[in-house]
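Chemist: Sequence plus the predicted model coming up.
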Amino acid sequence: MNPFERVAIQPANVLLPDPAAEWMRLAVALVLEQDLGSSASAAYSLVAGQSAAYQMQSTRVLLTTVEMRAGELSISSMLGNPGTLSNPRNVSTEAAPTELIPALDQLARQLDPRATPFSTRNQRALELFAAGFFSADVQLKLSRLHEAIGADPAFGLAYIALADLQAAAKSPELANTLQLAALHRSSFTQLDKARFDLLQARYGQAPLAVQTSAASALATLLPNNGEALASLGSYFFLSGKVEDGEHALNRALQTNPANPRFRQQLAVGLLESRKYSAAAQVFESLAQNPGNNAVLPQLASCLLLSGNAAGANDVFAKFLRPILNPDARLLLEASWQALTGRRSQALQALSNHRFADARVSNLAKSQMVLWQLLDKHTEAARQIAAGADPLVGVLANGAPSAAEWHSRVEALPAGTANQEMKDLLLRYGYFLHGFYPQAAQAWEEADKAAGGTDLRIRAMLAASLRAARREADANKIAVQPFVPDLSDFYNAVSFAQLRLLLGQAG
């Protein structure tokens, strides 16, 4: 038996004479979902419709109707069983047309006395927020969220949605948004203060313990919120608190058993904790879903780390089958061979292939350079780099000293590489060219900047410390397994060091 109800909040039925009030359909449901997030007896989730309610295996459905009676808004909600709406519970309230948000707050408190006030009292700000939050147009989302903040500078939820959007787009405006939000934090609701604290810790790359503490504080305020629980679970896994991580992710799944993202977070956390068999079972269940071919490389990596190389190769071969472009398929296959330690085989496959797509050919040459450097074949790397990307040429040529390597990387023009690319090139170059003390220092700085949350950085730091003969310091690094990112140019390097640190062939 579930410890709480799963309640699906469907878009409201808005029966108003003004067609412009259509924005209320989703806004009303959003306000109720946010207000009821603090419930200890139910998990409230906003859904698109009845089919989505069935998919999340809801035990109850919340339907709200908004209409005008004698010049006032009449708002009524019915909480009933899915499909039949039997055994209903009805609550209602009335308010002036300009008092929609306080009325919804009152309605939420009738449904659950633990309900909290919504993030804003400004109805125009809510309208703008809903227009942006539910839009598929990224530019419109950005514009409307900015306008919502302009309408109410204390609208915490709008800052949080805007910052998440900017972070996903790697926008330089993120820092400005966080700074502006910090100026108004004292006016946020208690819930938005907790949300912002986690946001600031995450994007400000605070230490892992600080981020975990912020996630725990938010989950305390939202005891049955799947997103908050899943976030906390992932932090627990990163911190090595395996039982706590499993508990939080399993509770997140109880709020929505069909949520594939929660299941994937659980699988990744189990893999990070070296519980490969349990992780593989979750990955396999995800792979059963039609169109979820992208999970197969994760499953293959899990099997490889568990010692089942044959099974891993079979799963990755299954991932490759639907890829019709022969150039792309071969490059991915070779990349997998390199990740599994078969770099000579990968090099031979790419060397013997005549690419039809010049872009894929360039990517292949770049990867070949990296693999040759990883095996200390510097002259071969330089020969291949002659026809590759200029940045790869810099990596292949290296430098006679660590100081010269630093100078060559910093001298790269902005058109060749941005600062993030330079930083990665510098750190990996230090390691690949044997400047291990400098590599250890650079990776240590990167680890601190990431708050200890990046497992690839942790692996490279431990490998650099060990290569620099700082074994005691290397042993202090909590190295945890991770799934290699196939889009990461340097993935063969970090994954090879991980496997060596885990006692596997790299």
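Modeler: Perfect, I can see it now. On a predicted model such as this, the values are computed, not experimentally measured, just so you know.
Chemist: Next, please give the residue ranges for the helices of the stretch 1-150 of the chain.
Modeler: For the stretch 1-150 of the chain, applying DSSP state H, counting those that start in this stretch gives helices covering 24-35, 50-55, 100-111, 123-133, 138-151.
Chemist: Count the residues that sit near the nearest residue to Q166 once chain neighbours are set aside.
Modeler: Distances taken as Cβ to Cβ, 6 or more residues apart in numbering place L174 nearest to Q166, at 4.2 Å, with adjacent residues excluded. To be clear about C-beta, it is placed using only N, CA and C from the backbone, and glycine gets the same treatment. By other Cβ atoms under 10 Å, the residues close to L174 number 18.
Chemist: ok, so what distance separates L174 from R185?
Modeler: 16 Å (Cβ to Cβ, to the nearest Å).
Chemist: Next: N308.
Modeler: 49 Å.
Chemist: ok, now F155?
Modeler: F155 is 12 Å from R185, by Cβ to Cβ.
Chemist: Who has more neighbours out of those two?
Modeler: Legend: neighbour count by other Cβ under 10 Å for F155 and R185, higher for F155 (30 against 15).
Chemist: Would you map the strands across the protein?
Modeler: 5-9, 13-15, 42-46, 60-69, 72-80, 89-95 (DSSP state E).
Chemist: so which of the ones you listed gets nearest N475?
Modeler: N475 sits nearest to strand 42-46 of all those, at 42.1 Å, using Cβ to Cβ.
Chemist: What angle do strand 60-69 and that closest one make with each other?
Modeler: Angle, strand 42-46 to strand 60-69, by axes from the mean of the first three to the mean of the last three Cα atoms, to 10 degrees: 60 degrees.
Chemist: helices or strands next to strand 42-46 in the packing?
Modeler: Under the contact criterion of 3 or more Cβ pairs under 8 Å, 6 or more residues apart in numbering; DSSP states H and E, strand 42-46 touches strand 5-9, helix 24-35, helix 242-255.
Chemist: Could you rerun that using 6 Å?
Modeler: strand 5-9, helix 24-35 (3 or more Cβ pairs under 6 Å, 6 or more residues apart in numbering; DSSP states H and E).
Chemist: which residues sit against the lowest-mean-pLDDT helix or strand in the chain?
Modeler: Within the chain, no helix or strand scores below helix 50-55, which has a mean of 85 by mean pLDDT, DSSP states H and E. Residues outside helix 50-55 that contact it (Cβ atoms under 6 Å, 6 or more residues apart in numbering): A8, V47, V61, P82, A258.
Chemist: how about a cut-off of 10 Å?
Modeler: 6-10, 45-48, 58-63, 82-83, 256-259 (Cβ atoms under 10 Å, 6 or more residues apart in numbering).
Chemist: Among those, name the buried ones.
Modeler: Neighbour-count burial (16 or more other Cβ atoms under 10 Å) applied to the contacts of helix 50-55 gives 6-10, 45-47, 58-63, 82, 256, 259.
Chemist: Name the nearest residue to A214, sequence neighbours excluded.
Modeler: Counting by Cβ to Cβ, 6+ apart, the residue nearest A214 is L198, at 4.0 Å.
Chemist: I figured that neighbour was touching L222, is that so?
Modeler: No: between L198 and L222 no contact is recorded; they are 11.0 Å apart, counting by Cβ atoms under 10 Å.
Chemist: Looking at these two, which has the bigger crowd around it?
Modeler: L198 (25 against 21).
Chemist: still on that earlier bit, could the helices and strands packed on strand 42-46 go into JSON lines alongside distance to G150?
Modeler: Formatted as JSON lines, those follow (distance: least, Cβ to Cβ, whole Å):
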{"stretch": "strand 5-9", "distance to G150": "28"}
{"stretch": "helix 24-35", "distance to G150": "18"}
